[in-house]
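Chemist: fold the stuff below for me.
(one chain, ligands or ions: 1)
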Amino acid sequence: MTIRKRVPCKSDILPCPNCDGAGKCDFSVQCGDFKPKIEGDLTTMSKKQRRYIENPKTKGSGVICCIPQEGVCPIGCADCFFQSGRSYLEPLEDNLPNMPNLKMAKGRVVRVNDGNDSNNKPYLVLLATDSYVDKFYNTSVPENLEEFDAPVVLTVNPAENTDCAAVLVDPIPSNLMFVRARVNTWNLGLIDTIVDYYSSKEVPIILTFMAYYTNTIKSGHEADYTYRQRTLNSYWVITQEAWDRVMARYTGNKWVYSCGKDANAFACHRCGNCLREYYATKERLREVK
Ligand code: SF4
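Modeler: Numbers count the residues shown, from 1 in each chain. Okay, the predicted model is just below:
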């Protein structure tokens, strides 16, 4: 991977892509504040950049994943695959950052942060992904979204908010590609609110059906889940009947899609939502310019 110097910077450290050349940047932090973090992370990245492990979920789909940061994501979503100790990137301390080189990324859309948050050290994320031609950023932090130089996917009910609260962004950032809603069979009132709001704003909503490793299925909902293999590991996964019931709530709403084709199909290569919405967002941004 090549780290290119895009903008002049009066500092003697590696410039942030957002630097205005006068020692300030869009994140309102002095350049010097970046020095220890950027040097540490990029030193590690350069050592590990030749080793890339592909996410089996996106294999063969035209989407390729990258994680520019080290360590676990600070957002801390319960039952996050990447923090569960069972991710394809374990041990995380050896395999992060996980960045495809430019040859691997050529002709593909890079999904930035399948297992971390792009608003975690955003200056590092922008710098590390600068050379990718086609990319979109994942985040669950609804801040500075238009500062990202590509489409953004926002998870609106992360972590402890999964069952009880969602971010309803207003105004809608021009580069918002879609919102991702974490769904189970007991948070459907919240999902209705998310769907109503973002549909009215003509923002696609991708429903991601939660899988649970530990037995956290809410009492009364056990019949809607079954224990089975999902991508790499075994989890409590929604049944097809319950999946159909949830999706039926949104029949006729053209803004609602599921992540994956049904309760048993999680691979991206038969889905295509991310590619479709990536290029739709790029087209929209082209018209705005
Ligand atoms: S929406 Fe589809 S393409 Fe995007 S991550 Fe989910 S399965 Fe993959």
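Chemist: okay, helices next: where are they in this protein?
Modeler: Along the chain, counting by DSSP state H, helices occupy 35-48, 92-95, 102-105, 122-128, 188-200, 240-248, 273-288.
Chemist: just send these back as a markdown table, with distance to the ligand too.
Modeler: C-betas here are computed from N, CA, C, even on glycine. Formatted as a markdown table, the helices of the chain follow (distance: least, CB to the nearest ligand atom, whole Å):
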| stretch | distance to the ligand |
| --- | --- |
| helix 35-48 | 24 |
| helix 92-95 | 20 |
| helix 102-105 | 17 |
| helix 122-128 | 18 |
| helix 188-200 | 15 |
| helix 240-248 | 14 |
| helix 273-288 | 3 |
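Chemist: so of those helices, which one's packed in deepest?
Modeler: helix 122-128 (a mean of 24; mean count of other CB atoms under 10 Å).
Chemist: can I get it in CSV, CA atoms only?
Modeler: Extracted C-alpha coordinates of helix 122-128, given in CSV (Å, rounded to 0.1, in the frame of the first residue of the first chain):
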residue,chain,number,x,y,z
PRO,A,122,-10.8,8.8,11.4
TYR,A,123,-7.6,10.6,10.4
LEU,A,124,-5.8,7.2,10.3
VAL,A,125,-8.7,5.6,8.4
LEU,A,126,-8.6,8.3,5.7
LEU,A,127,-4.9,8.2,5.4
ALA,A,128,-4.6,4.4,5.2
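Chemist: avg pLDDT for that helix?
Modeler: Averaged across helix 122-128, the pLDDT comes to 86.
Chemist: against which helices or strands is it packed?
Modeler: helix 35-48 (3 or more CB pairs under 8 Å, 6 or more residues apart in numbering; DSSP states H and E).
Chemist: which residue comes closest to L275 once chain neighbours are left out?
Modeler: In this structure, L275 finds its nearest non-sequential neighbour in G62, 5.4 Å apart by CB to CB, 6 or more residues apart in numbering.
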